[in-house]
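> could you work out the structure for the sequence below:
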Amino acid sequence: MVQQRFFFLFLIYVSYSCSANSDYLFSIGWYKTSRKSHKVPITHIKDIGPEYFPGDGTYLKIGAKIPVLKELAVHDFEKLLNLNIRSCGILDIHPGAFQFLPKLLKLNLNENDIQHIRKGVFNNLNITFLTLNKNNISIIDSDAFDDMPLLKKVKLSTNRISVWDPKWFKNTPSLAKIWMKRNSLETLPAKAFVNLKENNLVEGGNAGVSLYFKKNKIQKIDPQTFSDLKALRHIFLEHNNLTVLPKNLFEGIENIQIVSVTKNNLSYIDEDLFTGVKRVKNFYLLSNHKIQCVPDVVAKVVENIFFGNMGKLNCTCVRKLSEYTNVISLDTLCPVN
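All right, here's what the predicted structure looks like:
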């Protein structure tokens, strides 16, 4: 308790005693070199580099008010694996902000106020996991995520992104998971994932990419949205405003683990939805209140189908589906009198 009080008084003292200087990245803050270590207070920091921070660590978390990450703001950490600059009030990141970080794998920029992702900020970094959740991002340059050869996961949830750009993620052959939940997307365009067409292919089977688009405002999916995508593992489209899924939407994709369209406004499922698909393990249709059943040809492709909270189900039809697929909670949905 005494240590915490001293630390608090120290911060107050420094905040009043140090004058503003535009040369400083920030005037007062703290850092941690492991998740469980104590916060180390720091002042008058011109950049996040080995001059001000331990240069041989693998983990670094910064706590400070940093409105802008300018060119070379973070640089020259030869061993750093995990960098956390979340909740620092960042408004803008300039091209070249992150340089000479050869082993950096994880970059956490959650809970800032970033509005624009520019070309030159993340390109050619060797990171595998980039997280930008809970910012105010509304603009992403078409080439902002190009040439990131080791990137496996990117999180962009809870932002203000309203347009999906098919030009994103060029030369990102390792990218396997994209989180885009709680944004403002209204449509998914043709060939939306063309730059991911061969991503996460596994010899002897198609592992595929996983796409998380829950809680957007998606009303329309172009029939060619998934065109050229060779493998799709998961597609989550819950809590959107879809009224129809186009026929042949998944043509060219052999196996899908999960298709979830729970809590949309679908009234029917087209018999050609899964044309060309050999197997869908789980198909979630819960809370689409107008759906009465699905065509037999769809059921024959699906291993498990999930209905629920759907007042207009045609139980005669649904029970017949059990000849081809596993209707989850069938006896609860359509009890036998």
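> where exactly do the strands run in the stretch 1-150 of the chain?
Secondary structure of the stretch 1-150 of the chain (DSSP state E, counting those that start in this stretch): strands at 26-32, 40-45, 59-64, 68-69, 74-75, 82-84, 92-93, 98-99, 106-108, 116-117, 129-131, 139-140.
> which among the ones you listed is found nearest to residue 279?
Among these, the nearest to residue 279 by CB to CB is strand 129-131 (29.6 Å). The way it works is simple: take the backbone N, C-alpha and C, and place the C-beta from them, glycine included.
> and the contacts of the closest one?
105-110, 122, 148, 151-155 (CB atoms under 8 Å, 6 or more residues apart in numbering).
> measure the nearest residue to residue 112 once chain neighbours are set aside to residue 167 for me?
Nearest residue to residue 112 in three dimensions, chain neighbours excluded: residue 90, at 3.9 Å (CB to CB, 6 or more residues apart in numbering). Look at residue 90 and residue 167: by CB to CB, to the nearest Å, they are 25 Å apart.
> which of these two has more neighbours?
Shown here are residue 90 and residue 167; by other CB atoms under 10 Å, residue 90 has more neighbours (22 against 14).
> contact partners for the more buried one?
Residue 90 touches 66, 67, 68, 69, 109, 112, 113, 114, counting by CB under 8 Å, 6+ apart.
> with residue 34 instead?
Contacts of residue 34 by CB under 8 Å, 6+ apart are residue 59.
> mind showing which ranges of the stretch 201-337 of the chain have poor pLDDT?
Applying pLDDT under 70 to the stretch 201-337 of the chain flags the ranges 201-206.
> mind doing that once more with 50?
Residue ranges of the stretch 201-337 of the chain with pLDDT under 50: 204.
> the contacts of strand 129-131: which two are farthest apart?
Greatest spatial distance in the contacts of strand 129-131: 110 and 148, 18.3 Å, computed using CB to CB.
> which of the contacts of residue 90 lies at the shortest distance from residue 306?
residue 109 (35.4 Å).
> my guess is residue 193 meets residue 167, correct?
No: in this structure, residue 193 is not within contact of residue 167 by CB atoms under 8 Å, at 11.2 Å.
> report the set of residues contacting both of the two.
Counting by CB under 8 Å, 6+ apart, nothing touches both residue 193 and residue 167.
> now for the closest residue to residue 67 other than its chain neighbours: which residues touch it?
Once flanking residues are discounted, residue 67 sits nearest to residue 91: 5.1 Å by CB to CB, 6+ apart. By CB under 8 Å, 6+ apart, residue 91 lies in contact with 67, 68, 112, 113, 114, 115.
> which of the residues you listed ranks first by neighbour count?
Most neighbours among these, by other CB under 10 Å: residue 112, with 24 neighbours.
> please report the distance of it from residue 159.
Going from residue 112 to residue 159 by CB to CB gives 11 Å.
> contacting residues for the residue most central in space within the chain?
Closest residue to the average C-alpha location of the chain: residue 179 at 1.7 Å, with CA atoms, centre = their mean. Contacts for residue 179 (CB under 8 Å, 6+ apart) come out as 133, 153, 154, 155, 156, 157, 212.
> from these, which land in strands?
Those of the contacts of residue 179 mapping onto strands are 153, 154, 155, 212, per DSSP state E.
> what's around the first one, how many residues?
Other residues within reach of residue 153 by the criterion other CB under 10 Å amount to 17.
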